[in-house]
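Novice: Build me a structure from this.
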Amino acid sequence: MIAARKQDLPMVRLLLKHGADVHEKVNKQTERYNWGATPASSSGDDAKTQTEISVALGTGNAAIIELLKSKGAKTPKPADK
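Specialist: Reported below is the predicted structural model:
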């Protein structure tokens, strides 16, 4: 997530090449991974976690967004209001 947040495209590519999971959830505040959690799991902590694509969308870096999508990342759906 730090590579996506810093918009470091070469590092994002390197991490993906070495098996980084585009679906892994990360705690927004601590940037610690919630090992084993997936976007489909309902832990009740979704407001506190985000995926790599969420971070990339926040930065607006089109190259990283497209790279993550090409590796299977799904754009999060907006929350129902």
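
Novice: residues in contact with the helix or strand hosting Val55?
Specialist: If you go by DSSP states H and E, Val55 is part of helix 52-59. Residues from elsewhere that reach helix 52-59 (Cβ atoms under 8 Å, 6 or more residues apart in numbering): 1, 4-5, 7, 12, 20, 22, 24, 26, 64-65, 68-69, 73-76. (C-beta placed from N, C-alpha, C; glycine too.)

Novice: buried residues in that helix?
Specialist: Glu52, Ile53, Ser54, Val55, Ala56, Leu57 (16 or more other Cβ atoms under 10 Å).

Novice: helices or strands up against the lowest-mean-pLDDT helix or strand in the chain?
Specialist: Taking mean pLDDT, DSSP states H and E as the measure, the chain has strand 26-27 as its least confident helix or strand, at a mean of 72. Using 3 or more Cβ pairs under 8 Å, 6 or more residues apart in numbering; DSSP states H and E, the elements in contact with strand 26-27 are strand 49-50.

Novice: which SS class is Ala73?
Specialist: Of the three states, Ala73 takes coil under DSSP: H, G, I helix; E, B strand; the rest coil.

Novice: Ser54 versus that one, what's the distance?
Specialist: Note on Ala73: its distance to Ser54, by Cβ to Cβ, to the nearest Å, is 9 Å.

Novice: Same check on His18?
Specialist: From His18 to Ser54 the distance is 21 Å (Cβ to Cβ).

Novice: how about the helices in this protein?
Specialist: Applying DSSP state H to the chain gives helices spanning 2-5, 9-17, 52-59, 62-70.

Novice: CSV for these, including mean pLDDT?
Specialist: As requested, the helices of the chain are exported to CSV (pLDDT from 0 to 100):
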stretch, mean pLDDT
helix 2-5, 86
helix 9-17, 95
helix 52-59, 90
helix 62-70, 96
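
Novice: sorry, back to before: type out the PyMOL command that picks the buried ones from the contacts of helix 52-59.
Specialist: Entered in PyMOL, the line below selects the buried ones among those, by 16+ other Cβ under 10 Å:
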select buried, resi 1+4+5+12+20+22+24+26+64+65+68+73
